[in-house]
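S.K.: model this:
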Amino acid sequence: MRNILNKLSYIGLFLSIINSCQSKEEKKQTNSSGNSEEVSNNLYIGKWLSINKEGNQYYYCTDSDRFFEINKDKIYDHTPMEDSDFNIDHIKEKENQTFFYIDKQESSYYILSWVDKNKGIISYQFNKDSPNFFIAEKKLKSINSKTCQPKAKSCDFNNLSDKYKFVLEAGEYKNEKEQTYPISAWVIVTNKKSGKSQEIHFEPNSWATYSNLPCDSFSVKDFNFDGLEDFAIVWDQGGAEKLYEYYFQDEK
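M.R.: Numbering: from 1, shown residues only. You can find the predicted model right below:
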């Protein structure tokens, strides 16, 4: 009888040791999983600079004024026009993307994903806007840097129309002292024959992607098919998508 009790005691002790080991292993796996997600999120902490892509190459514009910063609980988003500061409510990993939600309802969020982890390049997207490329400030030397287009104060379009001459001229700047980052412009339309001109004040939705006048985004055409020349100019841009504002000529 005593031997049976001893055997039962040994069996109970053995099972207790197994359960204890299993509990420790489960706890270790849980902590490991949590730490993995935390490490993934920590990789995004820091300052990120806007970059451009040409072909398969990325480059940084030294005269750019677009960046964002992430810390453990906030996202600071800077553009030439305005600054935004958001609290991070919670974070989720979905496939190869990290979602930084700024409200509990998950109606507003930033999506970050790696494009080239070795070079520190990520894709950065707000809600359903077009994504843009950014590079970690500490990895900036991994790509080329250059000064982008020189600052134009006006653009002349003499050959877009046989009848009219168009001039796009900066009106106001964010930095008036240095005259950088235009926030409004004038479109001056002059009749080549009579010399009469008309000035149209142009305020785009956002100059966030421009450090210069959009001289390469102006076109003249009969857009509404009434036999008269009209013109269009980009008023907003996100990623590769351009949104134009159209000005139709009146018969009078």
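S.K.: ok, now which ones touch Ile121?
M.R.: Contacts for Ile121 (Cβ atoms under 8 Å, 6 or more residues apart in numbering) come out as Ile51, Tyr58, Trp114, Val115, Phe133, Phe134, Ile135, Lys139, Ile143. C-betas here are computed from N, CA, C, even on glycine.
S.K.: Show me what it bridges to in the sheet.
M.R.: Listed by DSSP bridges, the beta-bridge partners for Ile121 are Asp116, Ile135.
S.K.: can you tell me how far it sits from Leu243?
M.R.: For Ile121, the distance to Leu243 equals 26 Å [Cβ to Cβ, to the nearest Å].
S.K.: okay, among the contacts of Ile121, which ones form the most distant pair?
M.R.: Using Cβ to Cβ, the two most remote members of the contacts of Ile121 are Trp114 and Ile143, lying 14.9 Å apart.
S.K.: Show the residue spans covered by the helices in this structure.
M.R.: Applying DSSP state H to the chain gives helices spanning 2-42.
S.K.: Isn't Tyr60 up against Phe134?
M.R.: No. With contact defined as Cβ atoms under 8 Å, Tyr60 does not reach Phe134; the gap is 9.9 Å.
S.K.: between those two, what contacts are shared?
M.R.: Contact with both Tyr60 and Phe134 is made by residues Leu49, Ser50, Ile51, according to Cβ under 8 Å, 6+ apart.
S.K.: Now tabulate those residues in JSON lines and tack on distance to Tyr109, pLDDT and neighbour count.
M.R.: Listed next are the shared contacts of Tyr60 and Phe134 as JSON lines, based on distance: Cβ to Cβ, whole Å; pLDDT from 0 to 100; neighbours: other Cβ atoms under 10 Å:
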{"residue": "Leu49", "distance to Tyr109": "21", "pLDDT": "95", "neighbour count": "19"}
{"residue": "Ser50", "distance to Tyr109": "19", "pLDDT": "92", "neighbour count": "20"}
{"residue": "Ile51", "distance to Tyr109": "22", "pLDDT": "93", "neighbour count": "23"}
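S.K.: and Ile122, how many residues sit next to it?
M.R.: As a burial measure, Ile122 scores 24 neighbours (other Cβ atoms under 10 Å).
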